[in-house]
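> coords please:
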Amino acid sequence: MFDNETMKLLYKRMNIVRDLEYALKEQHAAGKIRGPVHLCVGQEATGVGAGICLRDDDYITSTHRGHAHFVGKGLELKPMVAEMMGKANGYCGGRASHMLIACKEKGVLGGCGIVCGALGIGAGYGLSFKMDKSDRVCLSFIGDGASNEGMFHEAMNMMALWKTNNIIFAEHNMYGLTVRADRHLSVVNISDRAKAYGIPGVTIDGNDIIEVIQATQEAVARARKGEGPTLIEAKTYRILGFSTGDKGGYQTQEEINAWSTPEKDAIARYGKYLVDKKICTSEEIADLAQAAKDEVNEAIQYGLDSPYPEASTLMNGIYA
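Numbers count the residues shown, from 1 in each chain. Sure, this is the predicted structure:
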């Protein structure tokens, strides 16, 4: 699959995502981050696992819950956090906040606050790669709620029709905002909707990073060969609320507890895998987790110490 050092890096990145989310929650409560922040505690394996299967010149489109996607695609933590705090040395000069971060050099086209809004953009890039006779691909992350949107079906139809260089990666975290999936989805598995467009659809355990990697590698290989898109559905779970403004009450504590056990938790499962496969010792696992925590703490401090943009730059980047 990957060499041992890369396998260790994945564990560190998963820990970075989780530590980052709790740190951002704390900074938001302290007033250091403006607006609601959409956290992905519990979903670390999907963004990190899918991202490692892509090259820097491959593109991703993200969602409102995209921090694991950004870390998985290799964005640096300090400018990420600075951006989330609205600082001048963030990836987008403090204009993107936590949701819309973009970095063309790493192939991150940015997040999107419109449900399924970025999938059409992803389809366009996948088509452009095919027209250029390139083997580059565009992987678009969506949530389960997005599969009910018109853009989902329009984009899927065009991707399938033109056999574009796309992967649609649906993170099925059981809830569309506050509505449980069995109350908003007409199917149990989102991947079943691929059949309507004549493309492969696969449902995987989104809390098993090995399954995530295997499915993504197959889909990427298919797209690179010009064979068209694949719909991957990764079943996972959002431990925290929809955003930092979510008062909760619709997820039972029993359900949250069940998804937080070592048998279900993505990080605990992968740590056990690394030890069982003798890729890491238990001591190395602890060291990687601590290194992740240290890196997050440094990034938070970097963001806090960074300057806000100068008022004179207010109109920069605006086209007329």
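
> hey, let's count contacts and neighbours off CA atoms from now on
Fine.

> quick one: D276 from I285, how far?
Applying CA to CA, to the nearest Å, the value for D276 to I285 is 12 Å.

> more crowded one of these two?
Between D276 and I285, I285 has the larger neighbour count (other CA atoms under 10 Å), namely 19 against 12.

> what separates the more buried one from A102, distance-wise?
I285 sits 31 Å away from A102, going by CA to CA.

> Do you know the pLDDT at the residue nearest to E149 when sequence neighbours are not counted?
Leaving aside its sequence neighbours, E149 sits nearest to C116 (CA to CA, 6 or more residues apart in numbering; 6.7 Å). C116 is assigned a pLDDT of 96 by the prediction.

> Was I right to think C116 contacts S140?
No: between C116 and S140 there is no contact under CA atoms under 8 Å: 9.4 Å.

> Output the below-cut-off pLDDT ranges for this structure.
320 (pLDDT under 70).

> How about the residue nearest to the spatial centre of the chain: what's its closest non-neighbour residue?
Centroid-nearest residue in the chain, with CA atoms, centre = their mean: H69, separated by 2.9 Å. Leaving out its chain neighbours, the residue that sits closest to H69 by CA to CA, 6+ apart is G47, at 4.3 Å.

> which residues sit in contact with that neighbour?
66, 68-72 (CA atoms under 8 Å, 6 or more residues apart in numbering).

> Need the buried ones from those selected in PyMOL.
Selection command for PyMOL covering only the buried members of these, criterion 16 or more other CA atoms under 10 Å:
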select buried, resi 66+68+69+70+71+72
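
> Show me what stretch 260-270 is in contact with.
Residues outside stretch 260-270 that contact it (CA under 8 Å, 6+ apart): 11, 14-15, 42-45, 207-209, 239, 258-259.

> isn't there a helix covering the residue nearest to H69?
Yes: under DSSP: H, G, I helix; E, B strand; the rest coil, G47 falls within a helix.

> Could you check how far it is from I60?
Counting by CA to CA, the gap from G47 to I60 is 10 Å.

> Same check on I256?
Counting by CA to CA, the gap from I256 to I60 is 29 Å.

> Also L288?
Note on L288: its distance to I60, by CA to CA, is 27 Å.
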